[in-house]
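Undergrad: 3D model of this:
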Amino acid sequence: MIRKTGSLLCALVLFTCSPNLYSAQKSDTAREKVRTYFNRLVADSGAHGAELRMFLNLMPKGGDLHQHFTGTTYAETYLDFIKKENSWISKKDFSVITPRDTAKLPDTLSVDKLRSDNKMLSDFSMVWSDKDFSNHYHDQNAPDVQFFGTFANFSTILKYDGALYTEGLKILKNRAKLENVQYIEQMFISPGYKRKDARFDDLCRKSIADKNIPELHRTFQDFVSVVRADALYQKAVPGYLKQVKTCADAVNDESFTLRFQSYVSRNDSPAEVFSALYTAFCEADTSDLVVGVNIVNAENSPVAMSDYSLHMQMFRYMKELFPGVKTAMHAGELTIGMVRPEDLTFHINEAVMVALADRIGHGVDIGYEVNAPELLAYMREKKIPVEINLTSNEFILGVKDGQHPFRLYLDQGVPVVLTSDDEGVSRNNLTDDYLHMVQRYGITYDSLREIAGNSIRYSFLKESEKSQQLVNLDKRFAEFEARMARMIANASREGGKKRTTNR
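TA: Got it, this is the predicted structure:
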């Protein structure tokens, strides 16, 4: 009897001294219930699609590390912007006609007129996004042309009013919070400066053709001096950082954090890419709000393909000048048929080994890389994650299900992060991509939590900020699991009542 009393006393002392123990046990119990429930839904996802979507919509997702501002904004929001700027829509091709284009005004529609006609509104959305593409694909451009072709429309209206960026970011923040996303790294706007120089172009391309990398880097070094002396460059960095700070101040709060990536276009001339890249690295090196640099646009376009190795050398050079700046690079957003087979064999490898990318965006053509096993092992060892974009990869590349390398990366131990890419163009959201992942690739609940956590662990936040975001994510998961456990318990009670009634 004494022993039993002593054990009881010890237990009481233990709970008194460790007030978090009971809540931890309670949390573990909730997690186990949620794990069992999730596994049951996944086992028959066809019958439980709506439940899975609800579950994933409510689940904390951490961050979204691959998101383009212009492509994430929906066509409906752009119509609001067009009306606000007193601009019109072309009857011919649904492009934006600004008050500066007075000669074109007879062939325009007002936003209100467009919205009053459901057919015209639908047609507008089909031009400005991928809406309803599968029902009319024979009347439209090829998927990759359709996708990348939308961006010219976006820039027309945005370039006239910087305040639209702040307004748009507030909308994106509210949408992210509805999806339980707490952090976004956004490819926001280009650096604001680029310079043409035909002589530089010729020297760079000759050095790459001759594989004379030392000479190439000397050409880079000489051009840096030219860029730095340019008065337009000297205005670009402070102007960009002012825009970034204005937007961040309007959006960031205790429950949501926004950071930016600057970027360059891979379809410009070498001099333009290099000068813009130098500017982007300077911006990221100067501001804590600009956490990385990227390279964007269609990877299969002629200039992007012919200058790919040159661009990777440019990034390598910038990494040497600015060793503290992180890079997340679009690489391997290709598949067979888009380009020649031999052009699929090296893009991810050069992004990792030459350009020293800290994260890879897309990485779809990994199965075609000539040294894929060694590259995967290196990415696993160095913890270089891949940003997976299931929806856009399916539309642009036609790659989905088992043809997508998601499972290959996961099984090889390469960190993966699920990201949204261009929600406005694709007309989806991050939850959609989580649903695709769960239904297609046999993800367990523990893997789901790990992938959500990766979006913070592999972000470009400072380590102190990253630690706090992970604490916040753990707290959100505990609250989510407790909420779901209550729902599961209520469903069990209701099921028990029905069984009793049926007897």
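Undergrad: Okay, the residue sitting nearest the centre point of the chain and Glu481: tell me how far apart.
TA: With distances taken as C-alpha atoms, centre = their mean, His66 lies nearest the centre of the chain, 1.5 Å away. For His66, the distance to Glu481 equals 27 Å [C-beta to C-beta, to the nearest Å]. Backbone N, C-alpha and C define where each C-beta goes, glycine included.
Undergrad: picking that back up, just to check, the residue nearest to the centre of the chain is in contact with Val416?
TA: No - the pair His66 and Val416 fails to qualify as a contact (C-beta atoms under 8 Å) at a distance of 11.7 Å.
Undergrad: what bits of the stretch 1-150 of the chain have low per-residue confidence?
TA: 1-27, 101-105, 132-142, 144-150 (pLDDT under 70).
Undergrad: At which residues are the helices of it located?
TA: 2-17, 19-43, 49-58, 69-72, 75-84, 111-115, 118-128, 133-136, 143-149 (DSSP state H, counting those that start in this stretch).
Undergrad: before we move on, the earlier item: ok, now how distant is the residue nearest to the centre of the chain from Asp358?
TA: 13 Å.
Undergrad: how distant is stretch 268-278 from the center of its chain?
TA: Computed by C-alpha atoms, centre = their mean, to the nearest Å, the chain-centroid distance of stretch 268-278 equals 23 Å.
Undergrad: so who does Tyr74 touch?
TA: Neighbour list for Tyr74: Ser129, Glu423, Gly424, Arg427 [criterion: C-beta atoms under 8 Å, 6 or more residues apart in numbering].
Undergrad: Could you single out the nearest of the residues you listed to Gly453?
TA: Nearest to Gly453, judged by C-beta to C-beta, of those is Glu423 at 21.8 Å.
Undergrad: List the residues that contact that closest one.
TA: Gln67, Gly71, Thr72, Tyr74, Arg175, Asn429, Leu430.
Undergrad: Give me the subset of those lying in strands.
TA: Gln67 (DSSP state E).
Undergrad: that older thread, which two of the contacts of Tyr74 have the greatest separation?
TA: It's Ser129 and Glu423 that sit farthest apart of these, by C-beta to C-beta, at 9.7 Å.
Undergrad: Can you tell me how far Gly453 is from Asp446?
TA: 11 Å.
Undergrad: And those two? Which one has more around it.
TA: Between Gly453 and Asp446, Gly453 has the larger neighbour count (other C-beta atoms under 10 Å), namely 20 against 11.
Undergrad: The protein: strands as residue ranges?
TA: According to DSSP E, the strands that the chain contains are 62-68, 88-90, 96-97, 108-109, 181-187, 257-265, 290-296, 326-331, 359-362, 386-388, 416-418.
Undergrad: The third one - contacts with which helices or strands?
TA: This points to strand 96-97. On a contact count with 3 or more C-beta pairs under 8 Å, 6 or more residues apart in numbering; DSSP states H and E, strand 96-97 meets strand 88-90, helix 151-158.
Undergrad: Mean neighbour count, the ones you listed: which tops it?
TA: Comparing those by mean neighbour count (mean count of other C-beta atoms under 10 Å), strand 88-90 ranks first with a mean of 21.
Undergrad: Using JSON lines, lay out the strands of the chain together with distance to Phe477.
TA: Converted to JSON lines, these look like this (distance: least, C-beta to C-beta, whole Å):
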{"stretch": "strand 62-68", "distance to Phe477": "9"}
{"stretch": "strand 88-90", "distance to Phe477": "45"}
{"stretch": "strand 96-97", "distance to Phe477": "43"}
{"stretch": "strand 108-109", "distance to Phe477": "48"}
{"stretch": "strand 181-187", "distance to Phe477": "11"}
{"stretch": "strand 257-265", "distance to Phe477": "17"}
{"stretch": "strand 290-296", "distance to Phe477": "24"}
{"stretch": "strand 326-331", "distance to Phe477": "25"}
{"stretch": "strand 359-362", "distance to Phe477": "23"}
{"stretch": "strand 386-388", "distance to Phe477": "21"}
{"stretch": "strand 416-418", "distance to Phe477": "16"}
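Undergrad: who wins for proximity to Gly168 among those?
TA: Here strand 181-187 is closest among the strands of the chain (C-beta to C-beta), at 10.4 Å.
Undergrad: Distance from the chain centre to that closest one, please.
TA: With C-alpha atoms, centre = their mean as the basis, the mean position of strand 181-187 lies at 8 Å from the chain mean.
Undergrad: What are the contacting residues of it?
TA: 60-69, 72, 169, 172-173, 176, 255-261, 263, 291-292, 294, 296, 328, 430, 455-456, 459-461, 469, 472-473, 476.
Undergrad: Nearest approach to Asp268 belongs to which of the helices and strands packed on strand 96-97?
TA: Of the helices and strands packed on strand 96-97, the one closest to Asp268 (C-beta to C-beta) turns out to be helix 151-158, at 14.2 Å.
Undergrad: For that closest one, give the mean pLDDT please.
TA: On average, the pLDDT along helix 151-158 is 72.
Undergrad: between it and helix 75-84, how many degrees?
TA: Interaxial angle, helix 151-158 versus helix 75-84 (axes from the mean of the first three to the mean of the last three C-alpha atoms, to 10 degrees): 40 degrees.
Undergrad: Now find how far off-centre helix 151-158 is within its chain.
TA: 19 Å.
Undergrad: again with stretch 480-490
TA: The answer for stretch 480-490 is 30 Å, by C-alpha atoms, centre = their mean.
Undergrad: Mind listing what's buried along that stretch?
TA: Phe480, Glu481, Ala482, Met484, Ala485, Ile488 (16 or more other C-beta atoms under 10 Å).
Undergrad: which non-adjacent residue is nearest the fourth one?
TA: Taking C-beta to C-beta, 6 or more residues apart in numbering as the measure, Met484 lies nearest to Val34, with 4.9 Å between them; neighbours along the chain are not counted.
Undergrad: Might one say that the one you found is in contact with Tyr445?
TA: Yes - assessed by C-beta under 8 Å, Val34 is found in contact with Tyr445 at 6.7 Å.
Undergrad: And for Leu203, the neighbour number?
TA: Neighbour number of Leu203 under other C-beta under 10 Å is 20.
Undergrad: show me the contacts for it.
TA: Thr219.
Undergrad: What separation is there between it and His436?
TA: 46 Å.
Undergrad: Also Val416?
TA: 13 Å.
Undergrad: Tell me the helices and strands packed up against the longest helix that the chain contains.
TA: Counting residues, the longest helix in the chain under DSSP state H turns out to be helix 463-502. If contacts are counted by 3+ C-beta pairs under 8 Å, 6+ apart, helix 463-502 sits against helix 19-43, helix 49-58, strand 62-68, strand 181-187, helix 445-457.
Undergrad: Now distance to Pro214 too, for the ones you listed, in a markdown table please.
TA: Putting the helices and strands packed on helix 463-502 into a markdown table (distance: least, C-beta to C-beta, whole Å) gives the following:
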| stretch | distance to Pro214 |
| --- | --- |
| helix 19-43 | 54 |
| helix 49-58 | 51 |
| strand 62-68 | 34 |
| strand 181-187 | 32 |
| helix 445-457 | 37 |
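Undergrad: Please identify the most buried of the ones you listed.
TA: Note that of these, strand 62-68 is the most buried (mean count of other C-beta under 10 Å), with a mean of 27.
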